[in-house]
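Peer 1: Structure for this input, please:
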Amino acid sequence: MIAAIDIGTNSLHMVVVKIEPTLPSFSIVTREKETVRLGDRNLVTGELKPEVIDKAIACLGRFKTLADSLGVDSIVAVATSAVRESPNGKDFIHKVETEVGLTVDLISGPEEARRIYLGVLSGMEFNNLPHIIIDIGGGSTELILGDSEEPRCLTSTKVGAVRLTGELVNSDPITETEFKYLQAYARGMLERSVEEILANFKIGDSPQLIGTSGTIETIATIHAREKLGLVPSTLNGYQFSLQDLRTWVNRLRKMTNVERATIPGMPEKRSEVILSGAVILQEAMTLLGVESVTVCERSLREGVIVDWMLTHGFIDNRLRFQSSIRHRSVLKVAKKYQTNLEHSERVAAFAFSIFDQTQGQLHNWSVDERQLLWAAAILHNCGHYISHSSHHKHSYYLIRNGELLGYNETEIEIIANIARYHRKSPPKKKHDNYRSLLHKEHRQMVNQLSAILRLAVALDRRQIGAISHIQCEYFPNFKEMKMFIFPSLSNDECALEMWSLDYKKGIFDEEFGLKLVPVLMRAG
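Peer 2: The predicted structure is shown next:
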């Protein structure tokens, strides 16, 4: 049993599921939701407010107690736009960890979009036909184009129901001027995302629009009550047209908040932000040129579950293509920044060789950290794309902002730091990028894995594959490690590689408290 918690801008949600590994699928045990409004931030500083933080922590404490009482094996929590954008967002995550005992993953906009896509795929059959997914959150709106396999396009825009209401709606009911501005602002913000989606259409595509989120489910509920006289037992697959939506937008804009709250089917507190949410949907549908939207009740929370299942090897069916997302994403970024992949892959192979041969002797990192080391090794040189000088610093920046998918923000920060320290100075507390690692364990990971990466880079100094393989032998009594180096060509002295190793090994020696002795092996 797994619990997934989504710390959103408007609400905090939890879904608890039972995984059926033989199918593989999951059934929902319970859902919980509380409107906390983390997006209601300090207008001057942009920080999360202390009273809202307290409310969120109390709510997360209740979620954790319930999950524990149900006997869950794992709780996966993610935070999205409100926490992502707040200057004190990381402090909030730290507070949740110390006070509730819950680890929260901060995820980027594109990563949020990817997990929403996984959630929708787990609940709907696309039959390999293109679909556009729209998820309107409190602080951001995700637009995704996919066809069961690779998401063709993942976008995230800083336009959400809570954000727009807080920033643009000051009258009750909304004035004509404010309403026009709200529409124009939503349209302007969505244009770039929509252009990206349309640019990825193939000839003959006419994708169906799938809508997820509280806004869309609420509109579907009030629409169904009025049209059918009842709310279907599930909203999955329920459709309403752009024309119906326009009618509702016109009705909602003329009402006060109190009047909206009395509409049958309107959830508590949703009435305050429903108009902004409905306008975002209306503008997106208009720009996309679609006439109707189909509701899907699965979204980010379920996507977090699917992602967990993929990572832990539970899925090997139509979704298995998604499981290698990290690998494909790293190679895509490497290609984008014109990295010499042959060299990078040799460096990664040497890094793995050192990592594996010293595991349990010099370090106790697991397969998860090994994967972060791989990503850093593949991307360590991508900074050359900007400039040769200080390219290690440019590599940090490009990895940090390269929209790697399949990783949370902490993992991306660790990968970027490992790559940053593959040359020049070792990690130092005065470096901002190193200071942004909040945990001692994460700093130690960067220290040790970047020391390994330095040696791996030295072993392919000429970038020609001069060294075929290495063998490490550790002598704990003497605090010494011998590295036997086997050249690819018997007559190659590997002088540059040996010099580079000698030059770079000081930081490795210091980090692991030993003396590294490189030994060049002769053929025969």
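Peer 1: for the chain, which helix is longest?
Peer 2: Determined from DSSP state H, the single longest helix within the chain is helix 176-199.
Peer 1: For it, which helices and strands make contact with it?
Peer 2: strand 141-146, strand 151-157, helix 161-168, helix 274-288 (3 or more Cβ pairs under 8 Å, 6 or more residues apart in numbering; DSSP states H and E). Where you see a C-beta, it was placed from the backbone N, CA and C, and this is true even at glycine.
Peer 1: So Ile485 belongs to a helix, correct?
Peer 2: No - assessed with DSSP: H, G, I helix; E, B strand; the rest coil, Ile485 is strand; it does not lie in a helix.
Peer 1: Tell me the bridge partners for it.
Peer 2: Ile485 forms beta bridges with Ile470, Leu520, as assigned by DSSP bridges.
Peer 1: I figured it hits Arg522, correct?
Peer 2: No - Ile485 lies out of contact with Arg522 (Cβ atoms under 8 Å); the separation is 10.5 Å.
Peer 1: which one of these two has more residues nearby?
Peer 2: Ile485 (20 against 8; other Cβ atoms under 10 Å).
Peer 1: Tell me how far the more buried one lies from Ala466.
Peer 2: Separation of Ile485 from Ala466 (Cβ to Cβ, to the nearest Å): 10 Å.
Peer 1: lowest-confidence helix or strand of this structure?
Peer 2: helix 325-336 (a mean of 83; mean pLDDT, DSSP states H and E).
Peer 1: same for that one, what does it pack against?
Peer 2: Packed against helix 325-336 by the contact rule (3+ Cβ pairs under 8 Å, 6+ apart) you find helix 341-358, helix 367-379.
Peer 1: can we see that at 6 Å?
Peer 2: helix 367-379 (3 or more Cβ pairs under 6 Å, 6 or more residues apart in numbering; DSSP states H and E).
Peer 1: Show me what the mean pLDDT comes to for the helix it packs on.
Peer 2: Taken as a whole, helix 367-379 carries a mean pLDDT of 94.
Peer 1: all strands for this structure, in order.
Peer 2: 2-7, 11-20, 25-35, 74-79, 104-106, 131-136, 141-146, 151-157, 208-212, 239-241, 292-295, 467-475, 480-487, 515-520 (DSSP state E).
Peer 1: which residues sit against the first one?
Peer 2: Think strand 2-7. Strand 2-7 is contacted from outside by 13-17, 63, 67, 72, 74-77, 79, 300-301, 304-305, 308, using Cβ atoms under 6 Å, 6 or more residues apart in numbering.
Peer 1: quick one: that strand to strand 25-35, angle?
Peer 2: Inter-element angle recorded for strand 2-7 and strand 25-35: 30 degrees (by axes from the mean of the first three to the mean of the last three Cα atoms, to 10 degrees).
Peer 1: could you give the mean pLDDT of strand 2-7?
Peer 2: What strand 2-7 shows for mean pLDDT is 94.
Peer 1: Where does pLDDT dip in the chain?
Peer 2: The chain contains residues with pLDDT under 70 at 22-24, 316-324, 523-524.
Peer 1: If we use 80, what do you get?
Peer 2: Low-confidence segments of the chain, defined by pLDDT under 80: 20-25, 122-128, 148-150, 268, 313-326, 328-329, 403, 405-406, 408, 522-524.
Peer 1: Compute the first-to-last residue distance for stretch 63-78.
Peer 2: End-to-end distance for stretch 63-78: 13 Å, by Cα to Cα, to the nearest Å.
Peer 1: Hmm, Arg298 and Met124 touching each other?
Peer 2: No - with contacts counted by Cβ atoms under 6 Å, Met124 stays clear of Arg298, the gap being 7.6 Å.
Peer 1: one step back: what's the ChimeraX line that selects buried ones from the contacts of strand 2-7?
Peer 2: Here is the ChimeraX selection string for the buried members of the contacts of strand 2-7, based on 16 or more other Cβ atoms under 10 Å:
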select :13,14,15,16,17,63,67,72,75,76,77,79,300,301,304,305,308
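Peer 1: that older thread, for Leu129, which of the helices and strands packed on helix 176-199 is the nearest?
Peer 2: strand 141-146 (10.0 Å; Cβ to Cβ).
Peer 1: Each with direction, which strands does that closest one pair with?
Peer 2: Strand 141-146 has its sheet partners listed here by DSSP bridges as strand 131-136 (antiparallel), strand 151-157 (antiparallel).
Peer 1: tell me the angle the longest one makes with helix 176-199.
Peer 2: If I follow you right, that is strand 151-157. Strand 151-157 runs at 160 degrees relative to helix 176-199, counting by the same axes, to 10 degrees.
Peer 1: what angle do strand 151-157 and helix 325-336 make?
Peer 2: Counting by the same axes, to 10 degrees, strand 151-157 lies at 80 degrees to helix 325-336.
Peer 1: that older thread, would you list the helices and strands packed on helix 176-199 in TSV and tack on distance to Asn42 and mean neighbour count?
Peer 2: Below are the helices and strands packed on helix 176-199 laid out as TSV (distance: least, Cβ to Cβ, whole Å; neighbours: other Cβ atoms under 10 Å):
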stretch	distance to Asn42	mean neighbour count
strand 141-146	23	26
strand 151-157	23	22
helix 161-168	11	22
helix 274-288	20	24
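Peer 1: any chance of the ones you listed in CSV, with distance to Arg462 too?
Peer 2: As requested, the helices and strands packed on helix 176-199 are exported to CSV (distance: least, Cβ to Cβ, whole Å):
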stretch, distance to Arg462
strand 141-146, 43
strand 151-157, 39
helix 161-168, 53
helix 274-288, 52
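Peer 1: Out of these, which gets nearest to Ile216?
Peer 2: Checking these against Ile216 by Cβ to Cβ gives helix 274-288 as the closest, at 6.4 Å.
Peer 1: angle of that closest one against strand 208-212?
Peer 2: With the same axes, to 10 degrees defining the directions, helix 274-288 sits at 160 degrees from strand 208-212.
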